[in-house]
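Okay, structure incoming, though there's no sequence with it:
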């Protein structure tokens, strides 16, 4: 009987640990995505929003992730488009040395994957400025 109780206790502790890990991972994703979108709220207020049992808190975080997913996906897709354009313009303008910014993993960009890219607003603005500079350089090189 005692062996069975110990086994059940370990299984329950393992389940709790897994749920705590899901909660932590989800909270980190929410924080990272909100930072990327420029909407980060202090952690203390985030903690206040998540009340209830561990299971309820995990569900709350998952709902927040789903609520943010559309906006972050849109940003990610925009970053992919800008970087693809820069990669193409780089070929015409003289290679990597020409660029004023370092691009993210070109394999991810080529596949249209955005989740591994730097999606911060500042980074996106930097890429857009570089794209404009490249476009202007292309126009001026064609008019010479």
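It's in. This structure is a prediction, so every number in the text was calculated from the model and none was measured.

Contacts only, for residue 29.
Counting by Cβ atoms under 8 Å, 6 or more residues apart in numbering, residue 29 makes contact with residue 65. In short, each C-beta sits where N, CA and C put it, glycine included.

how near is it to residue 23?
Distance check for residue 29 against residue 23: by Cβ to Cβ, to the nearest Å, it reads 11 Å.

again, but for residue 35
Applying Cβ to Cβ to residue 35 and residue 23 gives a distance of 19 Å.

More neighbours: these two, which one.
Counting neighbours by other Cβ atoms under 10 Å for residue 35 and for residue 23 shows that residue 23 has the greater number, 19 against 13.

correct me, but the more buried one touches residue 57?
Yes. With contact defined as Cβ atoms under 8 Å, residue 23 counts as touching residue 57 (5.7 Å).

how about low-confidence regions in the chain?
Filtered on pLDDT under 70, the chain yields the residue ranges 42-50, 95-100, 144.

mind running it again at 80?
1, 40-50, 94-101, 104-106, 141-144 (pLDDT under 80).

mind listing the strands for it?
Under the criterion DSSP state E, the chain contains no strands.

Thought residue 65 was touching residue 34, still the case?
No. At 10.6 Å, residue 34 does not count as touching residue 65 under the criterion of Cβ under 8 Å.

Now the common contact residues for those two.
With Cβ under 8 Å, 6+ apart, residue 34 and residue 65 have no common neighbours.

For the lengthiest helix in the chain, which helices and strands make contact with it?
The single longest helix within the chain, with elements called by DSSP state H, is helix 54-93. Using 3 or more Cβ pairs under 8 Å, 6 or more residues apart in numbering; DSSP states H and E, the elements in contact with helix 54-93 are helix 2-37, helix 106-110, helix 121-142.

out of the ones you listed, nearest to residue 79?
Closest approach to residue 79 among the helices and strands packed on helix 54-93 (Cβ to Cβ): helix 121-142, 5.8 Å.
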